[in-house]
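*Asks:* mind folding the following:
(one chain, ligands or ions: 1)
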Amino acid sequence: MANNAGIIGMGHAYPSGILTNADLEKIVETSDEWITSRTGIKQRHKAADDEYTSQFGSLAAKQAVERAGIDVSELDLIVCATTTPDQIMPSTGALIQADIGAVNAAGMDVFAACSGFLYGLTMVESMIRTGQIRYALVVGAEILTKYVDYTDRGTCVIFGDGAGAAVLGPVEEGKGILATKIRSDGRYAEQLYSPGGGTRLGTTHQTIDDGAHFFKMKGNELFKIAVRSMADISAEMLEKAGYKVEDVDLVIPHQA
Ligand SMILES: CC(C)(COP(=O)(O)OP(=O)(O)OC[C@H]1O[C@@H](n2cnc3c(N)ncnc32)[C@H](O)[C@@H]1OP(=O)(O)O)[C@@H](O)C(=O)NCCC(=O)NCCS
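*Replies:* A predicted model of the protein is given here:
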């Protein structure tokens, strides 16, 4: 019989370093008022040079497992959603698996930027529902500030670092995750991208000098598409789950 999957424990972690709007005012032409009125952000956490993604992913993961009340050996799968992995291989999911001692779990990464955690959640939900796995950990972990161009005021005010984790497992019928859907539109690739460092441009002195590894964003256009898509897919999922807008008590969107 199919199981519903639900979140049974959550955790989070972030670097202790903080970059405030006042700090950014000293680096680029911006103001606390501009940043706050458009994004609501007052400060963001920023990793030190010797800090990296799996450290925070593991801390968040350990907290989530503890709160779920399961033993770490019961995890069958760890999916780490990240676009800023420790290194190209092995996956950050595998590094977290070793770090937390999840000896019976597979570890892997999902590479879907801001949507990554939801992509991971959707995959894991269906694997639990169909009985392929019992307990899984989905970790969203990013050290984005290492790819931020601190001369570009259009991007440097938004991105910060941190990790969140959720343990998923079987739950009673009618509870847990009721409906999910993932969707992409690769035609908008250049609205937020980092051209350097991959197989297309590679990593050369030239790409480094050009800052090709930094994030480039068309914030205004992206904002419109993101908000429209989020609203459309949310309405679709409400209908699929058999609820109406009036039934919803809390919406937690992506922050930017
Ligand atoms: C980034 C974002 C806050 C910018 O707000 P916006 O109102 O769209 O701003 P625009 O890019 O249209 O720029 C408006 C003006 O502010 C300026 N500006 C941009 N960043 C600025 C900053 N940090 N401080 C002051 N002025 C800034 C621009 O240069 C522009 O000036 P101009 O009119 O003289 O050319 C907004 O577009 C956004 O939230 N986008 C979505 C980001 C997102 O979701 N990213 C995905 C994952 S993180």
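
*Asks:* quick one: contacts for the residue in the stretch 101-250 of the chain positioned nearest to the ligand?
*Replies:* Residue nearest to the ligand within the stretch 101-250 of the chain (CB to the nearest ligand atom): residue 219, separated by 3.0 Å. All C-beta spots, glycine's among them, are computed from the backbone N, C-alpha and C. The contact partners of residue 219, taken as CB atoms under 8 Å, 6 or more residues apart in numbering, are 154, 155, 158.

*Asks:* out of those, name the ones that lie in helices.
*Replies:* 154, 155 (DSSP state H).

*Asks:* against residue 171, how distant is residue 72?
*Replies:* 20 Å (CB to CB, to the nearest Å).

*Asks:* same check on residue 142?
*Replies:* 28 Å.

*Asks:* quick one: which of those two has more around it?
*Replies:* residue 142 (26 against 16; other CB atoms under 10 Å).

*Asks:* ok, the strand or helix carrying the more buried one: who's next to it in the sheet?
*Replies:* Taking DSSP states H and E as the criterion, residue 142 maps to strand 135-143. Counting by DSSP bridges, the strands paired with strand 135-143 are strand 75-81 (parallel), strand 161-171 (antiparallel).

*Asks:* ok, the next helix or strand after the last one: who's next to it in the sheet?
*Replies:* Later in the chain than strand 161-171, the nearest helix or strand by DSSP H and E is strand 192-193. Each strand that strand 192-193 pairs with, and the sense of that pairing, follows from DSSP bridges: strand 216-217 (antiparallel).

*Asks:* show me which residues of the stretch 151-256 of the chain sit near the ligand.
*Replies:* Where the stretch 151-256 of the chain comes near the ligand, counting by CB under 6 Å from any ligand atom, the residues are 153, 154, 157, 158, 192, 219, 220, 222, 223, 226, 256.

*Asks:* any of these buried? List them.
*Replies:* 157, 158, 192, 219, 222, 226, 256 (16 or more other CB atoms under 10 Å).

*Asks:* if I pick the second one, what's in contact with it?
*Replies:* Contacts for residue 158 were tallied using CB under 8 Å, 6+ apart; they are 39, 41, 44, 219, 256.

*Asks:* got the strands paired with strand 135-143 as a markdown table, with mean pLDDT columns?
*Replies:* Converted to a markdown table, the strands paired with strand 135-143 look like this (pLDDT from 0 to 100):
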| stretch | mean pLDDT |
| --- | --- |
| strand 75-81 | 98 |
| strand 161-171 | 98 |
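
*Asks:* can I get those in TSV with distance to residue 134?
*Replies:* Listed next are the strands paired with strand 135-143 as TSV, based on distance: least, CB to CB, whole Å:
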stretch	distance to residue 134
strand 75-81	6
strand 161-171	6
